[in-house]
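Novice: Please work out how this folds:
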Amino acid sequence: MGIVAKATEIVGGAVALVRRFGSPSHQAVGLTPRIPAARKQGIMTLKLPAAEGWKEGRLPTCAPGLQVNAFASNLDHPRWIEVLPNGDVLVAESKEQPERPRTLMDHAQQATMRRVKAIGPSANRITLWRDADGDGVAERREVFVENQNQPFGMALVGDRFYLGNTDGIRCFDYRPGDTSLRGGGEKLVDFK
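Specialist: The predicted structure follows:
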């Protein structure tokens, strides 16, 4: 790690530590949440969770009467989820492709993105997950479409599947129950 990147990480950690001293002592949850008053920030901060999977044998805590389970696992930086009418779940998997940082802010941004494992080689695909028996766990995993450019937004409108990539929007033909898209799709918009 370079000196600038290390310094950026240290400064960012110090700012986060200072902000914790003024953090609310309670969570704003429930039917009548106690929401703390807004306060002015001196230095802009961004609180991002670390990208960690669930520890073996542990599940997230949820509200009384609800239950949590892992529907799918082993995803490569999931960014967006779309549920199709038949219940299939599509997940866009992609990471930012880093450019050479030029400013201190670029270094800070990349350090933050590295910390949450959101920068580097990208899967550039949409994965389909199917829970055929309805038990809340997907049994089937398929590559719905691959070789995209940092895919993110998705929408199914009738028999057309729209996919937003970093460099544009593509449209594909879709038939109910398809587990993959055919062909390269039609480029509707170019963002270059």
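Novice: Can you give the strand pairings for the helix or strand containing residue 163, parallel or anti for each?
Specialist: Assigned by DSSP states H and E, residue 163 falls within strand 160-165. Strand pairing for strand 160-165, using DSSP bridges, gives strand 154-157 (antiparallel), strand 168-173 (antiparallel).
Novice: which one of those is the most hemmed in?
Specialist: Stretch with highest mean neighbour count among the strands paired with strand 160-165: strand 168-173 (a mean of 17; mean count of other C-beta atoms under 10 Å). Just so you know, the C-beta spots here come from the backbone N, C-alpha and C atoms, and that holds for glycine as well.
Novice: who's in contact with it?
Specialist: 145, 148-149, 159-163, 181-192 (C-beta atoms under 8 Å, 6 or more residues apart in numbering).
Novice: which among these end up buried?
Specialist: 145, 148, 161-163, 181, 185 (16 or more other C-beta atoms under 10 Å).
Novice: What is the nearest of the residues you listed to residue 52?
Specialist: Distance to residue 52 across those (C-beta to C-beta) is lowest for residue 148, with 26.0 Å.
Novice: Find the helix or strand that the closest one is a member of.
Specialist: Counting by DSSP H and E, residue 148 is held by no secondary-structure element, helix or strand.
Novice: Now do the contacts for the residue nearest in space to the middle of the chain.
Specialist: Residue closest to the average C-alpha location in the chain (C-alpha atoms, centre = their mean): residue 79, at 2.7 Å. Listed by C-beta under 8 Å, 6+ apart, the contact partners of residue 79 are 92-94, 151-152.
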